[in-house]
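J.: Build me a model:
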Amino acid sequence: MELPFTGVELTFIIIAFVIFSLFSLASVCLQPRGDPSEKTRRDLKKAAKTRRRLNDNPGLINIFKSRE
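T.: Take a look at the predicted model:
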């Protein structure tokens, strides 16, 4: 009975499978550096700070409205 693949083809298939497995395992095991909820909270705080600054100085609101 003949083998369906040559030695070179089998080597390539095995190497591709190992690399794919490592990337899959890494994507499951490694956690992202920043929590997405932290970014959202940070953006909300920054937006609130900007709104407070605009409310304290009504002249700035007119400047931003004229740019639109």
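
J.: what about the helices in the protein?
T.: 7-29, 36-56, 58-67 (DSSP state H).

J.: what does the average pLDDT come to for the second one?
T.: Averaged across helix 36-56, the pLDDT comes to 72.

J.: Let's see the pLDDT reported for residue 23.
T.: At residue 23, the model reports a pLDDT of 94.

J.: To clarify, my last question referred to residue 10.
T.: For residue 10, the pLDDT comes out at 94.

J.: Can you report how many residues neighbour it?
T.: Residue 10 is flanked by 12 other residues according to other CB atoms under 10 Å. For glycine as for every other residue, the C-beta is placed from the backbone atoms N, C-alpha and C.

J.: and the gap between the closest residue in space to it that isn't next to it in sequence and residue 13?
T.: If the residues on either side of it in the chain are set aside, residue 10 comes closest to residue 3, at 7.9 Å by CB to CB, 6 or more residues apart in numbering. Using CB to CB, to the nearest Å, one obtains 12 Å as the distance from residue 3 to residue 13.

J.: Looking at those two, which one has more neighbours?
T.: For the pair residue 3 and residue 13, the greater number of neighbours falls to residue 13 (11 against 8), based on other CB under 10 Å.

J.: Now do the contacts for that one.
T.: For residue 13, the residues meeting the contact criterion (CB atoms under 8 Å, 6 or more residues apart in numbering) are residue 5.

J.: Pull up the gap between it and residue 42, please.
T.: In this structure, residue 13 lies at 46 Å from residue 42, with CB to CB as the measure.
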